[in-house]
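J.: sequence-free structure coming up:
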């Protein structure tokens, strides 16, 4: 018992006769040097307790509970009382009241000096009663003054000691044992861990920390062990930038831990019972360990990486996790977790046989998963068709990259092929499956090498297949983040060496294996056809060729309880069969092609057969085409076409004197339409159409090379019986045998057709001469085109820009003649004549005061004609006058002679009056035209040196002259022109020139005749608006491959001029000349300023006509083959749209084998031309073009902009084309993309 006096002061007191306090109070005086603090309990905090402790240990008084020397100097508050056990209690205030006496007590404890040596905890007991003899023990328990948060040495862990809250939490308090001092400590605290170690799963604003609530009790402060639970948390060692202040995407985590029991060791004398340290832990492992320990906890693997079939996470239970001042340390290794089929890795069926995870001081060490996996070629229904894999967790150093699993394939057994008709894959160790699985996507690239074998297999209709093949580079590419085309297949490269392959038990040779990607339907991820080009060796003299197509698909059946990759054989298609036989009596070539799901031809087949009977020289051929389609119709319909022909050897069948039939052919078709293609036709399906065709081969006899020709007749009818089309065709050859027509002296084509529904008549003719000295540089063409529906017609026998020309012994004769309402404007003298005239006299045949001459724009109205005719020649030579003794020339007389003339004329109807004539001309008709001519002659003498160089040269004479005239007549007559030239003699010792222009009569500028009622003005420029840019491909928008080019496709060919007709309001048709120009820019975003900076571009064009754009700095691995688009087939001068790129040659029934002109029928791209040319070298195939490789920077944003603008040729210059409303015709498309991942956004966990 403390026996000490205290210093007091009186406040308003009264006492009775017995000296008892009646009113007022007596309080213990606070020492003058004591720190300031609340005298009562209200407002007393830990800082006040800390100040009191400091003062007591320096200036204050601490007395023993049982002092040896009583009645010392009186004590002033605050003062300490030390109990026999060493506990010290501080009295902060004492008060004596009339009815009782009370004092306030403080117990001050220091919290773990190794954690925060400067922080103390204060416990209080308020208004404790005491008597003269002793206090009333025990007092009310001493409770923590208030909640207090204390950080550890590196502030990675914060401890919040909880003050008691009645009815809510016990908090921290001290139980007092009277004179023995403190008998028990009770502690409750919340421990918050830095987000660098743990992140709560249920965070809201990105600042929350994972918390463990711990409670514990003990008789000694230094010996308390706290236990509690830790909320479900993400291991931040697998999260980039976890403390950035934004919520962590719930899909971004890789590992989640949940500890039902966590212990905090504050004791220096013992550790948590049963505690076992992880093998990799390098910290304190004796009883001096201070920190947190979890004996058993659950670790969940993110379902974004691997999951159960239902989409849930894979969970494992591990032991012994440590959290100390350095962070989290744990080691886990668990085996035989999930049997095959119970897990998915990268969306593939798998097992989880082993999981291991190591984290040391919150630093990721390693993690991985081992098991077996089924790749997409296999259904994955059993472990017998699985492969071993190892998935390694990767924590990139770049915080911008997502953590991921990288999977490695370990082939260890053959697997079944369920995708393409059975057989077994035996993979080499060089095969690999590298996967990347993160919160945004699951991707993998499979690259397989090895062998594939069919043994006595049956695939569709073909049985007894025995083949052993080698392959490399076969595989898949998968990206779950794509909206479509998530899975693609690469057939790789195949080896076809020994042993002998067989199909249907016939020996076969494999020529090529290729894969055709097909359009998917429903939930199909991939659909395609693996094509085997086979050569059958039926016998020594009979062989065949066919393409065996094995069609398979991989379907996502997850929504119906299945798997993400469910492979299925859809069927077997024999695309085409070619048969060749070379027997003693006959030679046979044939082809049968099958069509399946062709967008135009639907399903069906096309067959041709050609036979040559060797003894009689007779050739027969046949064609059959059948199918069904919905092309250009609302419901399915059937179509067919049959043709047959026979050709005979000379002399054939004579039907006129000197003329014999050398072959006949005919055919019929239904629900097909024939489109003219030169002198032949393209057949495509068209509902409610039928027709027939007949062909004949004729030749002179007995010499067929005098003249031979193919003539044909085609007629088409509608289903109602009306004729829709009739056509006559012919190809003729002079000076060549039937089998050698390419050497003909004269050849040509004639075609006449009329389309009844469209009221369109076309007549064409083309003649080519190759009989020196008479030749034609290009065929001379003639066309008559009458379009009754559009009221457009024209006749052309040559054009000003496409002249019909014949060369005779060096003299070039040319002409054009045209009339109608759709002919090009002839702008005076032809370009060829004007240039040669200028070369002769130094001026062009034009005078500003007399107009350009020639035909005016009135010709466009179709009320007249335009023609032109001319000739030109240019000759030079020399004569040796003297020679050196060596025979070399010494004095040479040289001469040059050139001349040309041209006439052009138009005859048109005009309105109004001129020169006193009403009407003018002959009932309004007047002629306008021009005539020009030029000539040059020169002679010179040249002296040469012995070495052949010129010593001197004298121009003896040079004469140049030209004249031109333009005129109009009659009533009134007008003429204007000029005569000009120059003469020079003896190096211009005598020279003069002359020029004389003249003008006569009255010039009229009357308008053209009325064209009738006004019609709607066309807008040819506006019609091109939607034909500028077809598409721009710069996808995906994120994770854009670094080597992938940006692609743009244009509807028009850039920088190529083309003409478009435009209906005028006055009833005429005007031709306008356009071209499309394109510009493009490529920019990269500056990472610092955010500004867009230009990047130099390079471009190439592929076989699809797409433009591929890459950075200029990149190196092209190969030059892309130039795409030379063929010109439209010429039906005379009529441009007919070409057929599809792949065509079938019509049956030889329609012509003679080896002719330059063949019949073509459109077919799907997988079909080939017939007859097949024998080839003993089936491996001589051109290599595929190398790809265009881009060189983009990783994790950067790019912007690609392309603009297409329509230009029009106006007034000898190109200007921006405008619509009728004055707006320009242009289109701009901008694409922005990133080569890095997409920005993380909050999203619920989903199964991948």
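T.: Looks like it arrived, so ask away. Just so it is clear, the model here is predicted, and its values are computed rather than measured.
J.: Burial check on the closest residue in space to residue 722 that isn't next to it in sequence, number of neighbours?
T.: Nearest non-adjacent residue to residue 722, counting by CB to CB, 6 or more residues apart in numbering: residue 756, 7.0 Å away. (Each C-beta comes from the backbone N, C-alpha and C, glycine too.) Counted with other CB atoms under 10 Å, residues neighbouring residue 756 total 16.
J.: Also residue 270?
T.: Neighbours of residue 270 (other CB under 10 Å): 12.
J.: Could you identify the longest helix within the chain?
T.: With secondary structure taken from DSSP state H, the chain has its longest helix at helix 46-58.
J.: Show me what counts as buried in it.
T.: 46, 48-53, 55-56 (16 or more other CB atoms under 10 Å).
J.: which other helices and strands contact that helix?
T.: Here helix 46-58 touches strand 88-96, strand 101-110, strand 120-129, going by 3 or more CB pairs under 8 Å, 6 or more residues apart in numbering; DSSP states H and E.
J.: give me every residue that touches the residue nearest to residue 722.
T.: By CB atoms under 8 Å, 6 or more residues apart in numbering, the contact list for residue 756 reads 722-726.
J.: hmm, 7 Å instead?
T.: 723-725 (CB atoms under 7 Å, 6 or more residues apart in numbering).
J.: Buried ones from those, can you make that a ChimeraX selection?
T.: One line in ChimeraX is enough to select the buried ones among the contacts of residue 756; burial here means 16+ other CB under 10 Å:
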select :724,725
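J.: out of the contacts of residue 756, which are inside strands?
T.: Under the assignment DSSP state E, the contacts of residue 756 contribute 723-725 to strands.
J.: Outside of the longest helix of the chain itself, which residues are in contact with it?
T.: 34-35, 37-38, 62, 78, 80, 90, 92, 106, 108, 120-122, 145-146, 148.
J.: if we go to 8 Å?
T.: 33-38, 60, 62, 78-80, 90, 92, 106, 108, 119-122, 145-146, 148.
J.: go on, stretch 370-383?
T.: 338, 340-341, 343, 345, 348-355, 385-391, 407, 409, 415-420, 425, 433, 446, 476, 478, 487, 554, 563, 565-567.
J.: which among the residues you listed end up buried?
T.: 338, 340-341, 343, 345, 348-353, 355, 385-389, 391, 407, 409, 415-420, 425, 433, 446, 476, 478, 487, 554, 563, 565-567.
J.: does residue 223 really touch residue 269, like I thought?
T.: Yes - under the criterion of CB atoms under 8 Å, residue 223 makes contact with residue 269 at 5.6 Å.
J.: more crowded one of those two?
T.: Ranked by neighbour count (other CB under 10 Å), residue 223 and residue 269 place residue 223 first, with 14 against 9.
J.: ok, the residue nearest to that one when sequence neighbours are not counted to residue 325 distance?
T.: Closest residue to residue 223 apart from its sequence neighbours, by CB to CB, 6+ apart: residue 267 at 4.6 Å. Noted for residue 267: a distance of 16 Å to residue 325, by CB to CB, to the nearest Å.
J.: Tell me which of those two has more neighbours.
T.: Shown here are residue 267 and residue 325; by other CB under 10 Å, residue 267 has more neighbours (21 against 16).
J.: pLDDT (mean, whole number) over the strand or helix carrying residue 643?
T.: For residue 643, the host element (DSSP states H and E) is strand 637-647. Averaging pLDDT along strand 637-647 yields 89.
J.: What's the mean pLDDT across the next helix or strand after it?
T.: Following strand 637-647 in sequence order, the next helix or strand is strand 653-656 (DSSP H and E). Mean per-residue pLDDT for strand 653-656: 84.
J.: Stretch 673-691 too?
T.: If you average the pLDDT values across stretch 673-691, you get 85.
J.: Give me the buried stretch members for that stretch, please.
T.: 673-687, 689-691.
J.: Okay, domains of the protein per the record?
T.: Domains of the chain are assigned by automatic domain parsing as 1-148, 872-1001, 1022-1120+1188-1234.
J.: now for those domains, which one comes closest to residue 632?
T.: Residue 632 lies closest to domain 1022-1120+1188-1234 among the domains of the chain, at 21.4 Å (CB to CB).
J.: Pretty sure residue 884 sits against residue 947.
T.: No - applying CB under 8 Å as the test, residue 884 and residue 947 come out as separate, 10.5 Å apart.
J.: So between these two, which is more surrounded?
T.: residue 884 (11 against 6).
J.: count of residues packed around the closest residue to that one other than its chain neighbours?
T.: The shortest distance from residue 884 to any non-neighbouring residue, by CB to CB, 6+ apart, is to residue 890 (5.2 Å). Applying other CB under 10 Å, we find 18 other residues in the vicinity of residue 890.
J.: Quick check: buried residues in the helix or strand where residue 160 lies?
T.: Secondary structure assignment for residue 160, by DSSP H and E: strand 157-161. Of all the residues in strand 157-161, those buried under the rule 16+ other CB under 10 Å are 157-159, 161.
J.: Just say helix, strand or coil for residue 40.
T.: coil (DSSP: H, G, I helix; E, B strand; the rest coil).
J.: wait, doesn't it sit right on residue 104?
T.: Yes - between residue 40 and residue 104 there is a contact at 6.7 Å, judged by CB under 8 Å.
J.: list the contacts for the nearest residue to residue 103 once chain neighbours are set aside?
T.: Residue nearest to residue 103 in three dimensions, not counting chain neighbours: residue 94, with 4.1 Å by CB to CB, 6+ apart. Residues near residue 94 by CB under 8 Å, 6+ apart: 6, 8, 27-28, 77, 101-104.
J.: can we see that at 10 Å?
T.: 6, 8, 26-29, 39, 75, 77-79, 101-104, 128, 130 (CB atoms under 10 Å, 6 or more residues apart in numbering).
J.: For it, give its distance to residue 131.
T.: From residue 94 to residue 131 the distance is 13 Å (CB to CB).
J.: cool, residue 880 as well?
T.: 157 Å.
J.: And for residue 764?
T.: In terms of CB to CB, residue 764 sits 135 Å off from residue 131.
J.: between those two, who's got more neighbours?
T.: Using other CB under 10 Å, the more surrounded residue of residue 764 and residue 131 is residue 764, with 24 against 9.
J.: quick one, helices of this protein?
T.: Under DSSP H, the chain gives helices at 46-58, 831-841.
J.: Could I get the full set of strands for the stretch 901-1050 of the chain?
T.: Applying DSSP state E, counting those that start in this stretch to the stretch 901-1050 of the chain gives strands spanning 925-944, 950-969, 974-985, 990-1001, 1029-1033, 1046-1050.
J.: Buried residues in the third one, which are they?
T.: Across strand 974-985, burial judged by 16+ other CB under 10 Å covers 974, 976-978, 980-982, 984.
J.: do the fifth one as well
T.: Of the residues in strand 1029-1033, those buried under the neighbour-count criterion (16+ other CB under 10 Å) are 1029, 1032.
J.: still on that earlier bit, with the buried residues of helix 46-58 in mind, which one is nearest to residue 667?
T.: residue 46 (107.1 Å).
J.: And the pLDDT at residue 343?
T.: Looking at residue 343, the pLDDT reads 80.
J.: Kindly apply the preceding question to residue 301 instead.
T.: pLDDT at residue 301 comes out at 72.
J.: That one touches residue 256, doesn't it?
T.: Yes - using CB atoms under 10 Å, residue 301 is in contact with residue 256, at 8.3 Å.
J.: Common neighbours of those two, please.
T.: 313, 315.
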